[in-house]
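> Pasting the sequence and the predicted model now:
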Amino acid sequence: MRPSRAALAAVLALGLALSWGCAGVRTRSDRRFRAVPVPARNLVRAARSQMGVPYAYGGSEPRTGFDCSGLVFWCYRRCGGRVPRTAWEQFHVGTPVPRARLRAGDLVFFATASGGHQPSHVGIMVNHRWFIHAPAAGQYVRLDELDNNYWRRTYYGARRVE
């Protein structure tokens, strides 16, 4: 039995709707995304205000909790700026910063997922030594030292959004 024209039209409409819904997701090859920078002190202040908020996978609001990239996304939005939602996408905006030149407001990235071949974690530098991030399930937004063994070993790179 052949599907009716109405059924085919419904499937086509659903496919178009899904593809339009995904159009907002930026990938590495999609360079149309324009990050909107914010002053570093405002970004750091926004991040500090969320210290103690619990980690929540996929979270991007204080009332529900944050994952690492959700915290960065929320801080930029709170300050009137704009960055993509995921750590992978955030790594592809702004300009690369050498580790020796890190400063407040820079985004630092880590390859914490198995394999360690791409950025999977992000934090916001408070100064050249400390960063704020949402670490993992069961933990809270906190300050960590960039040079501790784990973060030094998994460091992937840094970006400055100006």
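Great, that's in hand.
> Just after the helix or strand of the chain with the lowest mean pLDDT, pick out the following helix or strand.
Taking mean pLDDT, DSSP states H and E as the measure, the chain has helix 5-22 as its least confident helix or strand, at a mean of 37. Elements were assigned by DSSP states H and E; along the chain past helix 5-22, the next helix or strand is helix 40-48.
> Whatever helix or strand comes next after that following helix pairs with which strands, parallel or anti?
Sequence-wise, the next helix or strand downstream of helix 40-48 (DSSP H and E) is strand 60-61. Note on strand 60-61: by DSSP bridges, its sheet partners are strand 65-66 (antiparallel).
> what about this protein, any weak spots by pLDDT?
For the chain, residues meeting the criterion pLDDT under 70 lie at 1-32.
> So which residue is smack in the middle of it?
Note on the chain: the residue nearest the mean C-alpha position is Ser69, at 2.7 Å, using Cα atoms, centre = their mean.
> so what's the closest residue to it other than its chain neighbours up against?
Once flanking residues are discounted, Ser69 sits nearest to Ala87: 4.4 Å by Cβ to Cβ, 6 or more residues apart in numbering. Every C-beta, even on glycine, is put in place using the N, C-alpha and C of the backbone. Counting by Cβ atoms under 8 Å, 6 or more residues apart in numbering, Ala87 makes contact with 68-69, 72, 109, 119-122.
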